[in-house]
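Asks: model the following, please.
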Amino acid sequence: MINKKIMILVLLVATVSVVFAIKTKTKEKSSVFAKYATGVEFESGKDRFKLMPGVFAKTQKTQSSKTNTAKSGSSIKSLGKKGNLEIYVKEDIVPNKTASSTASTSATIAPTSNDKMVVYNTRTKNAGIVMGTIIVKYTDSSDIDSLRANYPIKLLSNIKSLSYAIFAPDNIVDIFSITDNLKKETTIKSAKVEILENLNTAH
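Replies: Alright, predicted model coming up:
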């Protein structure tokens, strides 16, 4: 009977230790992401995000090797993984923390063709991947042509049955300013940057 109680006590202590370790690791990872969240702040859905200038994500297959990194002279540090994406920071191009967190500041650090920008969710404390698309809910499908004519965007998909359209900006660094301007259009019900935070859901 005593041995059984001791075993139960050991299991409880082990469980608490594992939970504490997971929470500590999650908190440490969140603080790492928060450290780089110095860029433009914006809303997407119900959440607020901050751009992480100098932080990018790409598929692990295309991730640069140490040899290529050394040749380019870029100081790359891995911050973790999200699915098949590797999140990393180019520390030599991260802006000074005292710099103003404006769209123009963040736009100077553009991703390469294989990179995706990374943002920080101020509510969940998680990193999110900017998928490069803008989801728009419109009032009438005839508005689509007007949007394409007035903004540097291209139409990827138009779901007429739901009055949703998906656009991609000609230049990815303009995605935030374009989305803000689309929100001001009287014919647009909503516009948001598509962000992948959890593996199976997008904002």
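Asks: which other residues reach the helix or strand hosting Ile178?
Replies: In the assignment (DSSP states H and E), Ile178 maps to helix 175-183. Here helix 175-183 makes contact (C-beta atoms under 8 Å, 6 or more residues apart in numbering) with 40, 42, 51, 103, 130, 132, 134, 136, 147, 151-153, 169, 188, 190-193. Yep, even glycine has a C-beta here, placed from its N, CA and C like the rest.
Asks: list the buried ones in that helix?
Replies: The neighbour-count check on helix 175-183 (16 or more other C-beta atoms under 10 Å) flags 175-176, 178-179, 182 as buried.
Asks: stretch 154-172 now?
Replies: Residues 165, 167-169, 172 are the ones in stretch 154-172 that count as buried (16+ other C-beta under 10 Å).
Asks: next one: stretch 78-87
Replies: So, applying 16+ other C-beta under 10 Å, buried residues of stretch 78-87: 79, 82, 85-87.
Asks: if we only consider those, which is nearest to Asp47?
Replies: Lys82 (16.3 Å; C-beta to C-beta).
Asks: for the closest one, give me its contacts.
Replies: 57, 127, 129, 196, 199.
Asks: among these, which has the minimum pLDDT value?
Replies: Across the set of these, Leu199 stands lowest in pLDDT, at 52.
Asks: poorly predicted segments of this protein, please.
Replies: 1-30, 60-74, 91-110, 113, 199-203 (pLDDT under 70).
Asks: can you do 50?
Replies: By pLDDT under 50, the weakly predicted segments of the chain are 10, 13-28, 62-72, 97-108, 200-203.
Asks: in terms of helices and strands, where is Tyr88?
Replies: Using DSSP H and E, Tyr88 falls in strand 85-90.
Asks: for that strand, which helices and strands make contact with it?
Replies: Under the contact definition 3 or more C-beta pairs under 8 Å, 6 or more residues apart in numbering; DSSP states H and E, strand 85-90 sits against strand 47-59, strand 76-82.
Asks: so which of these is the most packed in?
Replies: Across the helices and strands packed on strand 85-90, averaging neighbours per residue (mean count of other C-beta atoms under 10 Å) puts strand 47-59 on top, at a mean of 22.
Asks: distance of the closest residue to Lys154 other than its chain neighbours from Ser78?
Replies: Nearest-residue entry for Lys154: Ala168, 5.5 Å, with adjacent residues in sequence omitted and distances by C-beta to C-beta, 6 or more residues apart in numbering. If you measure Ala168 against Ser78 using C-beta to C-beta, to the nearest Å, the figure is 28 Å.
Asks: again with Ile159
Replies: Using C-beta to C-beta, Ile159 is found at 37 Å from Ser78.
Asks: next: Leu147.
Replies: In terms of C-beta to C-beta, Leu147 sits 38 Å off from Ser78.
Asks: kindly report the same for Glu185.
Replies: Between Glu185 and Ser78 the distance is 40 Å, computed by C-beta to C-beta.
Asks: and Asp170, what does it touch?
Replies: By C-beta under 8 Å, 6+ apart, the neighbours of Asp170 are 152-154.
Asks: with Ile172 instead?
Replies: 110-111, 117, 130, 132.
Asks: which among the residues you listed count as buried?
Replies: Buried among the contacts of Ile172 by 16+ other C-beta under 10 Å: 111, 117, 130.
Asks: good, we can wrap up now.
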